[in-house]
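# build me a structure from this.
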Amino acid sequence: QVQLVESGGGLVQAGGSQRLSCAASGSIFSINSMGWYRQAPGKQRELVATMSNGGRTNYADSVKGRFTISRDNAKNTVYLQMNSLKPEDTAVYYCNAALLSSHTQIIPIVYWGQGTQVTVSS
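Next up, the predicted model:
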């Protein structure tokens, strides 16, 4: 059993900053990638940022230069530093992790957190 627990959401004014955290726990042998996605009301879930085990990052064009993803592999935790927030960043933010639960597992399984609401007021 694997759990992903997000924290750090809330209400922030436009132009402000916020930092999200997501800690993975449970049956974890190794984590391949961790990332953040978001879903605004009436829209599909979309990628925000991901980071591979080797540190390679991928960002949505809409957040490049404003958001930074980072990982603490020793803590199985991923962070999302969000700066210069805009009202259109308002969404429920979900973290995910593609991981192996044992040394015999070959194909990573993707787990999702429960989501944390980020609201940016204008």
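
# going by C-alpha atoms from here, please, whenever you check contacts or count neighbours.
Noted.

# return the residues in contact with the residue nearest in space to the middle of the chain.
The chain has residue 36 as the residue nearest its centroid, 2.5 Å off, counting by C-alpha atoms, centre = their mean. Neighbour list for residue 36: 47, 48, 49, 50, 80, 93, 94, 95, 96 [criterion: C-alpha atoms under 8 Å, 6 or more residues apart in numbering].

# quick check: mean pLDDT of stretch 23-38?
Averaging pLDDT along stretch 23-38 yields 96.

# residue 58 belongs to a helix?
No - with DSSP: H, G, I helix; E, B strand; the rest coil as the criterion, residue 58 is assigned strand and is not in a helix.

# just confirm it contacts residue 50, I think it does.
Yes - with contact defined as C-alpha atoms under 8 Å, residue 58 counts as touching residue 50 (5.2 Å).

# give me the nearest residue to residue 117, chain neighbours excluded.
The shortest distance from residue 117 to any residue other than its chain neighbours is 4.3 Å, reached at residue 92 (C-alpha to C-alpha, 6 or more residues apart in numbering).

# what residues of stretch 49-63 count as buried?
Buried residues in stretch 49-63, counted by 16 or more other C-alpha atoms under 10 Å: 49, 50, 51, 52, 57, 58, 59, 63.
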